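[1] structure of the sequence below:
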Amino acid sequence: MNSREEILRRVRDGLLDLPEDERRVPMRRSAGRHAVVDPAERAEVLERFVEQLREHGSMVRIVDIAGLPAAVADVLYGMSVQTVLAAVEPGPAWLDHWAGAPGHQVVHSGSDSAETGDAVVRDAVAGDASTGSLALDVDGGPAVSGSVPQVCVVRADRVYVSLPEALDHLDQRRPLIWLGGLGDSDLSRQLVVLLVE
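    Sure thing, here's the model as predicted:
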């Protein structure tokens, strides 16, 4: 556990003692700018997001929803992965294509699990185009480690212009971890992002 994770753990532990209604922290809303509606502007946001991810050393593939299972399988085959850690059981349906092959296994593990795998596959709940970082659910998910490749699927409609806008769309009580961006150069090089348009 690095120092950032330790600080966040302490904050979460401290909030557990508060009544539910006092756990919410009021945040300054972004300046009225929410979902980008203009297709040209939306394309610019996604282009910036991809550019930031690649600049930090992450691999990015843009796929459509129908091609997602094959894209996940291609990435995992390319890494010679035999065992994948997934946060949910029975696992995302887009893992079924890869998992159906002989010798492939999907292990469902939480962050406190001792299970290991060749890669971690998960959904991102948000993306920040300004930094190229991804918000991941902490609850029930495998631990994030720079030594294990992370394959993250993020839907294009969950990519926001900035961190404040992304935070405006997320439940503030939901435990999250941010992956990628400027501070995670080692982790970014282990990150494969499948952007679903």
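[2] quick one: find the helix or strand in the chain with the lowest mean pLDDT.
    helix 185-188 (a mean of 65; mean pLDDT, DSSP states H and E).
[3] right, and the helix or strand after that helix?
    strand 191-196 (DSSP states H and E).
[4] restricting to C-alpha, output that next one in CSV.
    This file holds the C-alpha atoms of strand 191-196, laid out as CSV (Å, rounded to 0.1, in the frame of the first residue of the first chain):
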residue,chain,number,x,y,z
LEU,A,191,-2.7,-0.2,-18.3
VAL,A,192,-4.7,-1.2,-21.3
VAL,A,193,-7.9,0.8,-21.9
LEU,A,194,-10.7,-0.3,-24.1
LEU,A,195,-12.8,2.7,-24.9
VAL,A,196,-16.3,1.7,-26.0
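[5] A helix includes Asp157, no?
    Yes: assigned with DSSP: H, G, I helix; E, B strand; the rest coil, Asp157 falls within a helix.
[6] which residues does Arg61 contact?
    Ala71, Val75, Val192, Val193, Leu194, Leu195 (Cβ atoms under 8 Å, 6 or more residues apart in numbering). For the C-beta atoms, the positions are set from N, CA and C on the backbone; glycine is no exception.
[7] now the strand or helix carrying Leu136 against strand 191-196, angle please.
    In this structure, Leu136 sits in strand 133-137 according to DSSP H and E. Using axes from the mean of the first three to the mean of the last three Cα atoms, to 10 degrees, the inter-axis angle of strand 133-137 relative to strand 191-196 is 90 degrees.
[8] at which residues are the strands of the chain located?
    Ranges of strands in the chain, per DSSP state E, are 59-63, 83-86, 105-108, 119-123, 126-128, 133-137, 150-155, 159-160, 176-180, 191-196.
[9] about what we covered before: just the contacts of Arg61 now: which is nearest Gly103?
    Val75 (16.9 Å; Cβ to Cβ).
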